[in-house]
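K.L.:
next one to model:
(one chain, ligands or ions: 1)
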Amino acid sequence: MAVSYPRDNKEDRAMRPTPAAYHQATAYDRRAMAPHSLDWAHQPSPYKSYPVREGVSLPDTPHLPTVNLQTVYHADRPQASAAPDLLALSQICLMAAGLTARSPHGSDYFYYRSAPSAGALYPNEIYLAALNDNALPAGIYHVGVHDRFLTRIRGNAGLSQLRATVPDLPADAAAVFLVSGIFFRSAWKYRQRAYRYVLLDAGHLAENLRLAVAAAGYPGRLHLDFDDRALDDLLGLDETREGTLCLVSMTGEGLANRPPGPPATVLSPSILAASRVSPAEIAYREIAVIHEAAKTVQATRQPVPAMVDVLGCSLPEGFGPLPAAAEPPDALGCADAVLRRRSKRNFVRKPLALDQLTWLLDLLCRAGRDPIARASVAVGFLAGQVDGLTPGFYLLDAAKRQMGLVWPGQAMEAMATVCLDQAWLKNAAVHFIFMSRLDRLGDQWGARAYRYAMISAGRLGHAVYLGTSALALGSCGIGAFYDDEAHRLLRLAPGAALLYLVAAGSVRKES
Ligand SMILES: Cc1cc2nc3c(=O)[nH]c(=O)nc-3n(C[C@H](O)[C@H](O)[C@H](O)COP(=O)(O)O)c2cc1C
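P.N.:
Sure thing, here's the model as predicted:
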């Protein structure tokens, strides 16, 4: 059955396929919020299901890596000597997207995962390309996060095509985790704006994957450039409903040692049909337009400046070094920080210690040092209550490990109002702010730059979530804001835009 498009209108047809145009077309405006009620009868399934259950069960993981969060973020190249076995892959899948909490839902439960997701809609799927036979028979698998089952989509045939579709795949890649997005899962609630959430969520998931791979002792690398059509085809995705968004490769012994397999075969239509998640799906034209345009990777990527340098904020007193901080407490390991992470909204008005802020900024510097994140996202924060820090709007220069005051003033309550009047946000100590010049990025890298920026913003937001989890603080991502009001409140330059916000601070102790 074909996807249905909502009634066409002039505005839809006029949207240019650029990051700035999509972001603007999906901006929230307090005076023009179209009413929308959720169609519960056609709520999308949060789990993908295939007609044939053929594959491998993930083994139980009695132990998870004990390394702490700072160490994982500090390690440039973790060293594991052996190729990952099935237990290591199982640990990584659990940390990346394991079911970590539940709440009653009718006669059953609703399950929450280790990575947050806007509206708990979980639009992203994970696939695993096993490139040697060490852990499981080489092939391409779908990762079932609910039943911990790897459904085999392809065997050896087609694996050699993976290298052709991902030009910077390391020669010694042993496994590749591929993250896709099923658009209607989020669009069911967020309509045209959903592409924002699908990408932010993908960034959170990718960061969990990257850290889980590193915590297991393997160098993990994020890939944002590949041949979308070839990969979608390899994974058996219905590209009108689902698209590959990013990859995390894991190096060990792998591709280099494997003789090339036979070419990919044509998959059964029932595999493609698994991308459908509701009997009544709506395909929003804005999403189709930006996603289609984003499939093109700019052939040559010129070096570009860091986004913090071109955002257009002037700092009256310039940047200075991050405040010196004591060593962070080793309270929580990386795995614990990931598995205990939750979105918390019960902030209390208690100032954050300057050390705590500095530890979070340190994680942001480390998460943001890859060239794509640096070039596509500028990180700032609204300090509301931080010991020894003037309230106001600050910018972080992640590469130089510096920060500076853009303007002083208490703006937490005003930002809570901007964020669709989510009043509890005013009690947070800090709002981390992820911004970009989407117009410039679009000129440099075309529509794909939207993925770079939003996935990077999600990754950076995830560092805040994990840092606060490790420090027994609370945090909550916020994708819902009136865009122009945010622009005005932050006094951003023309062309600059807020992408994402993550609130952080002390929360009420659970009894
Ligand atoms: C991209 C993104 C946007 C979000 N936006 C909001 C928001 O505007 N308001 C809110 O209360 N929670 C928001 N959340 C938090 C989600 O509701 C939360 O992640 C989800 O319910 C799952 O719960 P958990 O994070 O505790 O696992 C957002 C999360 C993400 C990742």
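K.L.:
could you double-check that Leu499 sits in contact with Ser436?
P.N.:
Yes: with contact defined as Cβ atoms under 8 Å, Leu499 counts as touching Ser436 (5.6 Å). In short, each C-beta sits where N, CA and C put it, glycine included.
K.L.:
who has more neighbours, these two?
P.N.:
Neighbours per residue (other Cβ atoms under 10 Å) separate Leu499 from Ser436, with Ser436 holding more: 30 against 27.
K.L.:
and what about that one, helix, strand or coil?
P.N.:
strand (DSSP: H, G, I helix; E, B strand; the rest coil).
K.L.:
contact partners for it?
P.N.:
307, 311, 376-378, 453, 457, 496-497, 499 (Cβ atoms under 8 Å, 6 or more residues apart in numbering).
K.L.:
cool, and Ala135?
P.N.:
83-86, 88-89, 175.
K.L.:
ok, back up a step: pipe the contacts of Ser436 into a markdown table and attach pLDDT and distance to Thr66 per row.
P.N.:
Listed next are those as a markdown table, based on pLDDT from 0 to 100; distance: Cβ to Cβ, whole Å:
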| residue | pLDDT | distance to Thr66 |
| --- | --- | --- |
| Met307 | 98 | 35 |
| Leu311 | 98 | 39 |
| Ser376 | 97 | 34 |
| Val377 | 98 | 31 |
| Ala378 | 98 | 35 |
| Ala453 | 98 | 34 |
| Ala457 | 98 | 30 |
| Ala496 | 98 | 42 |
| Ala497 | 98 | 40 |
| Leu499 | 98 | 34 |
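K.L.:
okay if I get those as a markdown table plus secondary structure and distance to the ligand?
P.N.:
Compiled in a markdown table, the contacts of Ser436 are given as follows (DSSP: H, G, I helix; E, B strand; the rest coil; distance: Cβ to the nearest ligand atom, whole Å):
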| residue | secondary structure | distance to the ligand |
| --- | --- | --- |
| Met307 | helix | 19 |
| Leu311 | coil | 21 |
| Ser376 | helix | 16 |
| Val377 | coil | 14 |
| Ala378 | strand | 18 |
| Ala453 | helix | 13 |
| Ala457 | helix | 9 |
| Ala496 | strand | 20 |
| Ala497 | strand | 15 |
| Leu499 | strand | 10 |
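K.L.:
where does the residue in the stretch 1-150 of the chain that the ligand sits nearest to land on pLDDT?
P.N.:
Using Cβ to the nearest ligand atom, the closest approach of the stretch 1-150 of the chain to the ligand is made by Pro116 at 3.0 Å. Per-residue pLDDT puts Pro116 at 98.
K.L.:
again with the one 4 residues further on
P.N.:
The predicted structure scores Ala120 at 98 on the pLDDT scale.
K.L.:
and Gly392, what are its phi and psi?
P.N.:
In terms of degrees, to the nearest 10, the main-chain angles of Gly392 are phi 160, psi -170.
K.L.:
how about it, nearest residue that isn't a chain neighbour?
P.N.:
By the measure of Cβ to Cβ, 6 or more residues apart in numbering, the closest residue to Gly392 outside its immediate chain neighbours is Pro408, 3.9 Å from it.
K.L.:
wait, isn't that neighbour in contact with Thr390?
P.N.:
Yes: counting by Cβ under 8 Å, Pro408 does reach Thr390; the two are 5.2 Å apart.
K.L.:
rewinding a little: which one among the contacts of Ser436 gets closest to Pro65?
P.N.:
Ala457 (26.7 Å; Cβ to Cβ).
K.L.:
for the closest one, what are its contacts?
P.N.:
200, 203, 377, 434, 436, 499-500.
K.L.:
let me see the domain layout of the protein.
P.N.:
Listed by automatic domain parsing, the domain ranges of the chain are 76-294, 307-505.
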